[in-house]
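[1] Sequence plus the predicted model coming up.
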Amino acid sequence: MTLPFVIEPTQLAALLAQPTSSKLLIIDMCAEQTYLQGHIDGAIHVPPQKILIGQPPVPGKIAPVEQLNRVFSFLGLTPDTHVVVYDDEGGGWAGRMIWTLDAIGHKHYSYLNGGLHAWIGSGQSLTQEIPTVTPSKVDLKIDPKVVIEIPDIIGELDKGDFVVWDARSPGEYNGSRVTAAKNGHIPGAINAEWTSLMDRNDNLRIRKDAKEYLASLGLTSDKRMITHCQSHHRSGFTYLVGKALGFNIRAYHGSWAEWGNHSTTPIEV
């Protein structure tokens, strides 16, 4: 099954009406109460915390492989499963799941553009029925080329073809909002807050002029790019936007919770 990376609600609805829909795994990353009130037919809810380590000092880092094995076994993931991910916030948690799929080497996935808001906005139906899933046996490995760490960034900061996309708010970026022991941004980082890439007049879909908007800030497809926020939740969305635009993008899962509390990391204010 070959599907576009960014899929529209009408495309997904048409797929769900076909017999081949059994090869689809729809992952709902919404708030649990939202899921229980109504979700896309066949969607399985995954609380975002299940794919995070959830322990201080950097709780947003990727979960241990044993934990991920349990999650994806529960979901019934197989090598030929095509995953469609959505959430109810415009793409943060959905993007974090897509980054996690990249981290475990699973490349068959799509993002439902605009998530639950766009699904409802296009007149599609919801259900409260909880699907039953046949678990699979998985033995995952985490790709260190996807899950980058502080040294992977430090070694690139002086290179002209490298750029950091900071998805946090302007206050966090300029250091006026305190979120760590050290506040400011990674030297040379460019600030494009995650919500600036969502079209609030189009059910939180990725804005159609995203590439031009980012280029005006200096975030262009000729750069090797790393994106982050405070905990790699907001930067889940900027990661998926970068992928949708064909950028050479990776994500820093430690994000500012790690960088801003590390004794030797450089910062700019």
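    Here it is on my side, so go on.

[2] Touching stretch 110-125 from outside, list them.
    For stretch 110-125, the external contacting residues (C-beta atoms under 8 Å, 6 or more residues apart in numbering) are 3-10, 12-13, 30, 34, 39-41, 82-91, 94-95, 98, 126, 202-206, 240, 244. (Each C-beta comes from the backbone N, C-alpha and C, glycine too.)

[3] Show me where the stretch 51-200 of the chain has its helices.
    Counting by DSSP state H, counting those that start in this stretch, the stretch 51-200 of the chain has helices at residues 65-74, 92-103, 115-121, 150-154, 170-174.

[4] What's the separation between residue 233 and residue 182?
    Remark: distance between residue 233 and residue 182 (C-beta to C-beta, to the nearest Å) = 20 Å.

[5] can you give me the strands for the stretch 1-150 of the chain?
    6-7, 24-28, 44-45, 82-86, 109-112, 147-148 (DSSP state E, counting those that start in this stretch).

[6] Can you check which of those strands gets nearest to residue 175?
    Closest to residue 175 of the strands of the stretch 1-150 of the chain is strand 147-148 (C-beta to C-beta; 23.4 Å).

[7] So which elements touch that closest one?
    Applying 3 or more C-beta pairs under 8 Å, 6 or more residues apart in numbering; DSSP states H and E, we find strand 147-148 packed against strand 248-252.

[8] Return the strand it packs on as CSV; C-alpha atoms alone will do.
    The C-alpha trace of strand 248-252 is given here as CSV (Å, rounded to 0.1, in the frame of the first residue of the first chain):
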residue,chain,number,x,y,z
ASN,A,248,16.8,16.9,5.5
ILE,A,249,15.5,17.1,9.1
ARG,A,250,16.2,15.2,12.3
ALA,A,251,15.0,15.9,15.9
TYR,A,252,16.7,16.3,19.2
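
[9] Averaged pLDDT, whatever helix or strand comes next after it. What do you get?
    The helix or strand immediately downstream of strand 248-252 is helix 255-259, counting by DSSP states H and E. Helix 255-259 comes out with an average pLDDT of 98.

[10] Of the contacts of stretch 110-125, select the buried ones using a ChimeraX command.
    Entered in ChimeraX, the line below selects the buried ones among the contacts of stretch 110-125, by 16 or more other C-beta atoms under 10 Å:
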select :3,6,7,8,9,12,13,30,34,39,40,82,83,84,85,86,87,88,89,90,91,94,95,98,126,203,204,205,206,240,244
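
[11] shouldn't residue 236 be in contact with residue 89?
    No: between residue 236 and residue 89 there is no contact under C-beta atoms under 8 Å: 10.1 Å.

[12] so residue 134 sits right up against residue 77, yeah?
    No: taking C-beta under 8 Å as the contact criterion, residue 134 and residue 77 are not neighbours in contact, 11.0 Å apart.

[13] What average pLDDT does stretch 87-100 get?
    Throughout stretch 87-100, pLDDT has a mean value of 98.

[14] Off-centre distance for it?
    4 Å (C-alpha atoms, centre = their mean, to the nearest Å).
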